[in-house]
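Colleague: no FASTA, just this:
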């Protein structure tokens, strides 16, 4: 702050005293500006009038600070006439097809008070801080090429209003606050942070904005689409566990259509090649004796990575639905399967409690096409099923053909949604 000094025997004049006050005032303004105190602190909400007209209402008290740290204050609501700008020019365009943006600025000013006659001249002892609402016009042009007026360098932008030829009243739909100068305590680029033990976030520039940008990039990288709720697919050679990892890494977000299942290419027989990864041995159980290599006539077994029923006879196998988070909503299941001659194989979704009581959660679906592959045939629950792993285990029951007709199941997948499960990363 610039300081004004006085000396013994100096004749102190009004300019000397005023300079001391001015220096103090400027120092306060500089401090406000230096630390970024700028914008609308409260109030300044502009809306159409109860009976719309070319004026707008500003509700409540207004408090703001301009670029020089000067306080703009009004204690009550106000009405602002927008039919003319501050130069007394009409604001509504007159040429058909044209539009014009106008802006309302809040400006700092003084009102002179406490008048006193000194040596025959009227002087004012108090300059009281005050305000001015200034309506500024942009250039009229053919819609939608008309542009908004430049933002002020010495005032606060409260709102912009769009007008078209022949307009007689201003509605809320005409009022834009996209450029409004709301107060921000500090820009995110100006707040430093400590990197700590970061392993993913960018620590090259340690400020809040960089950290947030880096976090956003990390989230986008999980599915590459920019949407956290996009379908996730995973490359050949990955397993079901990989598909469930993203769900465990994110909290508080709704995930839609998470797909977990099988991918890759495996030859199923000399004549058939299907672009699906083999079903792991651990995911398939025989419902009769819970073992593989059944030497009976009707054996269901794991052959080269798929469920194989060699001779028919309604043999049953269970394919557990693994990777479902507790509380998720199961919406769809699919299988890819083949049956040689007949078309009597079926599949159905079940849940079983830990006392062994099984309950069907979907109707049985019969294989669609005989002597052909059905890729991703829907085997869905009757209605979306909320997964309760504390009570049930979930599986797809696959029933082989009634006749001696080999049947292969080579893949299964499921679709489910997660909604704010609060699941921490594992």
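Modeller: Received it, and whenever you're ready, just let me know what you need. Owing to the predicted nature of the structure, the values given are computational and were not obtained by experimental measurement.
Colleague: and this protein, what are its domains?
Modeller: The chain breaks down by automatic domain parsing into domains covering 36-176, 187-221, 256-419.
Colleague: Mean pLDDT, distance to residue 28 and mean neighbour count for these - can I get that in TSV?
Modeller: Glycine gets a C-beta too; all of them are placed from N, C-alpha and C. Shown next, in TSV, are the domains of the chain (pLDDT from 0 to 100; distance: least, C-beta to C-beta, whole Å; neighbours: other C-beta atoms under 10 Å):
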stretch	mean pLDDT	distance to residue 28	mean neighbour count
domain 36-176	95	7	16
domain 187-221	77	21	13
domain 256-419	64	51	17
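Colleague: Give the full set of residues in contact with residue 143.
Modeller: Counting by C-beta atoms under 8 Å, 6 or more residues apart in numbering, residue 143 touches 97, 98, 99, 164.
Colleague: Go through those and flag which are in helices.
Modeller: Counting by DSSP state H, no part of those is found in helices.
Colleague: now residue 206: how far from residue 188?
Modeller: Counting by C-beta to C-beta, to the nearest Å, the gap from residue 206 to residue 188 is 12 Å.
Colleague: in the stretch 301-426 of the chain, which spans are strands?
Modeller: For the stretch 301-426 of the chain, the strands defined by DSSP state E, counting those that start in this stretch occupy 306-309, 316-320, 329-339, 346-353, 358-360, 365-366, 372-378, 385-386, 392-399, 407-419.
Colleague: and residue 26, which of those strands is closest to it?
Modeller: strand 407-419 (56.0 Å; C-beta to C-beta).
Colleague: Contacts made by stretch 46-53 with the rest, please.
Modeller: Applying C-beta under 8 Å, 6+ apart, the set of residues contacting stretch 46-53 from outside is 55-59, 79-80, 104, 158-159, 168-172, 175, 177.
Colleague: let's see 10 Å
Modeller: Stretch 46-53 is touched from outside by 55-59, 78-83, 104, 133, 158-161, 168-177, 180, with contacts defined as C-beta atoms under 10 Å, 6 or more residues apart in numbering.
Colleague: Contacts only, for the residue lying closest to residue 137 once chain neighbours are set aside.
Modeller: What sits nearest to residue 137 in space, not counting adjacent residues and going by C-beta to C-beta, 6 or more residues apart in numbering, is residue 85, at 4.3 Å. Residues near residue 85 by C-beta under 10 Å, 6+ apart: 91, 100, 102, 103, 134, 135, 136, 137, 138, 149.
Colleague: Next, residue 85: phi, psi?
Modeller: For residue 85, the backbone dihedrals (degrees, to the nearest 10) come out as phi -90, psi -170.
Colleague: What distance do you get for it to residue 372?
Modeller: Counting by C-beta to C-beta - residue 85 and residue 372 are separated by 75 Å.
Colleague: Now do the longest strand anywhere in the chain: which elements does it pack against?
Modeller: Counting residues, the longest strand in the chain under DSSP state E turns out to be strand 98-118. Contacting strand 98-118 under the criterion 3 or more C-beta pairs under 10 Å, 6 or more residues apart in numbering; DSSP states H and E are the following elements: strand 55-59, strand 62-65, strand 71-74, strand 121-137, strand 141-142, strand 156-164, strand 175-176.
Colleague: change it to 7 Å
Modeller: For strand 98-118, the packing partners by 3 or more C-beta pairs under 7 Å, 6 or more residues apart in numbering; DSSP states H and E come out as strand 71-74, strand 121-137, strand 156-164.
Colleague: could you measure the residue nearest to residue 137 against residue 106, distance?
Modeller: Distance from residue 85 to residue 106, by C-beta to C-beta: 15 Å.
Colleague: and if you look at residue 327?
Modeller: Noted for residue 327: a distance of 50 Å to residue 106, by C-beta to C-beta.
Colleague: Then residue 87?
Modeller: Separation of residue 87 from residue 106 (C-beta to C-beta) stands at 18 Å.
Colleague: go on, residue 174?
Modeller: Residue 174 sits 19 Å away from residue 106, going by C-beta to C-beta.
Colleague: Please apply the same query to residue 121.
Modeller: In terms of C-beta to C-beta, residue 121 sits 33 Å off from residue 106.
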